[in-house]
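J.: Next come a sequence and a model predicted from it.
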Amino acid sequence: MRLSKYFLPVLKETPKEAEIVSHRLMLRAAMLKQEASGLYAWLPLGYRVLRKVQNIIEQEQDRAGAIELLMPTLQPADLWRESGRYDAYGKEMLRVTDRHERDMLYGPTNEEMITSIFRSNVKSYKDLPLNLYHIQWKFRDEIRPRFGTMRSREFLMKDAYSFDLDKEASVKSYHRMFVSYLRTYYRMGLTAIPMQAETGPIGGDLSHEFIVLADTGESGVFCDKALLDQPIPPKDVDYDGDLTSYVNDWTKLYAATEDMIDMDKFQAEVPEERRVEARGIEVGQVFYFGTKYSEPMGATVADANGKDVPVHMGSYGIGLTRLVPAIIEASHDDDGIIWPVSVAPFELALINLKTGDESCVEQCDALYQQLENAGIEVLYDDRDMGAGGKFATADLIGLPYQMIVGPRGLKNNEVEIKNRKTGDRTNVSLEQAVDFLLERIVPERRQDI
Ligand code: 5CA
């Protein structure tokens, strides 16, 4: 992509309304524009990151055996009257009436709708286990939307729903999602720690929140430091096998949010030097709630004896539009964002230092072509302006690598490659430049771990 033809209205000033660094940087880097309280437009640069996050989630959900579909954002109120949640949900639910005076709502979550899809189509235990998911906009009329898309009113969520014959099988489905979550966050460059959690309006008695540690996080958390170095289940993990040992590795060490903390237990189980008391961002939550929805809504299957039994369910959420600022909270410096390659909007900023110089333009154009042909995602700063502004933009928008091309280097047949994260600069010959980048970028994509 040529920057001269792109839409990247970066801001020089820091917007006053933004209280935390990720919100400030997302506005300054032209990733977002606020349209109303808790409602945001995703501008092209931000949308590219959101799509990368979405791709990783889809790949890992599919690997774990979940099947993608798409449900509407608006839902009929009658479905929610069946589960009893229409009245219970309160003011967070945005309620609307259509032209036929039918009560509708903008879905804050989809347990009821997926249960209705299940009960119309699945009748036998032989069709289980089943896990269906979608990635769709949700609306919760939060009393205090804040921190940009970290806590917004409209937000994009991946929500998966599992269906099993009994509790034992349902816990296995829970484990599959648990393991796939560990891999999902890791691929985005994050360490997300599963912590025992309250179930709130979703219900049930087994739940974990996945928490990324960050000073600006909304939840207080307590955990064992050793969790920060736990190994991640590998790409070839057998989702049909027994996943208990992976889950145990991550749950045997103490970790709980402030809502669930048992201080005596925390102090007894975690040696003082390993106690982490910090703040964290909840980037996902998983629930097992048994027959809470299937019973009132009549979602039953025939078991092996032909008897109809209510199906056991769990639900599994990931907040995509919250993950993007969470990644920035975890990875930035004074100059701007530092994207991990796997979610970067582009992998490389190609910077032409001298747009007036014919041979410099020619070399940059040629490099741009070679880099694109090599499958590297390049944002080519071909704008007619000074080098200082180009460096500042590249640092602000945080592309993991910069290739800096100017007449002086070209005299020696060289370009400079800067690593945004470490600040390391290396002079590389024109011939070797593409390979030099591929060697670094390909493993950092984390597609094969
Ligand atoms: N139905 C279940 C799981 S599918 C559910 O709704 N779970 S949830 O309430 O925990 O939401 C799932 C994830 O959505 C959260 O972990 C969080 O990452 C994200 N999320 C929730 N509320 C917001 C919000 N107001 N703004 C941004 N993200 C949010």
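T.: Now that the structure is in, tell me what you want to look at. Residues are numbered from 1 along each chain as shown.

J.: C-alpha only now, for contacts and for neighbours.
T.: Noted.

J.: Tell me which residues touch the nearest residue to L228 once chain neighbours are set aside, please.
T.: Closest residue in space to L228, ignoring its immediate chain neighbours: T191 at 6.8 Å, by CA to CA, 6 or more residues apart in numbering. Taking CA atoms under 8 Å, 6 or more residues apart in numbering, we find T191 in contact with 185, 212-213, 228.

J.: As a markdown table, the residues you listed with pLDDT, secondary structure and distance to the ligand would be great.
T.: Listed next are these as a markdown table, based on pLDDT from 0 to 100; DSSP: H, G, I helix; E, B strand; the rest coil; distance: CA to the nearest ligand atom, whole Å:
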| residue | pLDDT | secondary structure | distance to the ligand |
| --- | --- | --- | --- |
| Y185 | 98 | helix | 12 |
| V212 | 97 | strand | 10 |
| L213 | 95 | strand | 13 |
| L228 | 95 | helix | 19 |
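
J.: Separate out the buried members of the residues you listed.
T.: With neighbours counted by 16 or more other CA atoms under 10 Å, these contain buried members at 185, 212-213.

J.: pLDDT value on E17, please?
T.: E17 carries a pLDDT score of 86 in this model.

J.: Return the distance of it relative to R322.
T.: Between E17 and R322 the distance is 18 Å, computed by CA to CA, to the nearest Å.

J.: Kindly report the same for T300.
T.: Distance of T300 to R322, given as CA to CA: 35 Å.

J.: Up against the ligand, what does this structure have?
T.: Residues of the chain lying near the ligand by CA under 6 Å from any ligand atom: 109, 149-153, 155, 157, 159-160, 282-285, 315-319, 322.

J.: My understanding was that F210 contacts L190; is that so?
T.: No: using CA atoms under 8 Å, F210 is not in contact with L190; the gap is 10.8 Å.

J.: Please say which of those two ends up with more neighbours.
T.: Neighbours of F210 and L190, each counted by other CA atoms under 10 Å, are more numerous for F210; the result is 26 against 20.

J.: Now for A64, how many residues are close by?
T.: A64: 22 neighbours (other CA under 10 Å).

J.: Quick check: phi and psi on it?
T.: Backbone torsions for A64, taken as degrees, to the nearest 10, come to phi -80, psi 0.

J.: Next: R24.
T.: The phi/psi pair for R24 (degrees, to the nearest 10) reads phi -60, psi -50.

J.: you'd agree H208 is in a helix?
T.: No: if the criterion is DSSP: H, G, I helix; E, B strand; the rest coil, then H208 is strand and not within a helix.

J.: Surely it and E282 touch.
T.: No: using CA under 8 Å, H208 is not in contact with E282, being 10.1 Å away.

J.: which is the next helix or strand following the longest strand belonging to the chain?
T.: Looking across the chain with DSSP state E, the single longest strand is strand 275-290. Where DSSP states H and E defines the elements, the next helix or strand beyond strand 275-290 is helix 294-297.

J.: name the element S180 belongs to?
T.: Judged by DSSP H and E, S180 forms part of helix 167-187.

J.: Which other helices and strands does the next helix-or-strand element following that helix contact?
T.: Of the helices and strands lying after helix 167-187 in sequence (DSSP H and E), the nearest is strand 192-196. Strand 192-196 is packed against helix 167-187, strand 206-213, helix 244-251, strand 255-257, with contacts defined by 3 or more CA pairs under 8 Å, 6 or more residues apart in numbering; DSSP states H and E.

J.: Can you say which of those is packed in most?
T.: strand 255-257 (a mean of 26; mean count of other CA atoms under 10 Å).

J.: what mean pLDDT does the very next helix or strand once past that one have?
T.: Scanning forward in sequence from strand 255-257 by DSSP H and E, the next helix or strand is helix 263-269. Mean pLDDT, computed over helix 263-269, is 96.

J.: what sits up against helix 263-269?
T.: Contacts for helix 263-269 (CA under 8 Å, 6+ apart): 222-223, 254, 275.

J.: Show the contacting residues for F210.
T.: 192-195, 282-285.

J.: again, only this time at 6 Å
T.: 192-194, 282-285 (CA atoms under 6 Å, 6 or more residues apart in numbering).

J.: can you pull out the helices in the chain?
T.: 21-28, 44-63, 77-83, 85-88, 111-121, 167-187, 244-251, 263-269, 294-297, 320-330, 358-373, 387-397, 407-411, 433-444 (DSSP state H).

J.: Packing partners of the last one?
T.: Helices and strands in packing contact with helix 433-444 are not found; criterion 3 or more CA pairs under 6 Å, 6 or more residues apart in numbering; DSSP states H and E.

J.: ok, now with 10 Å
T.: Applying 3 or more CA pairs under 10 Å, 6 or more residues apart in numbering; DSSP states H and E, we find helix 433-444 packed against helix 358-373, strand 401-405, strand 414-419, strand 425-429.

J.: would you turn those into CSV with mean pLDDT?
T.: Output for the helices and strands packed on helix 433-444, formatted as CSV (pLDDT from 0 to 100):
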stretch, mean pLDDT
helix 358-373, 97
strand 401-405, 98
strand 414-419, 98
strand 425-429, 98
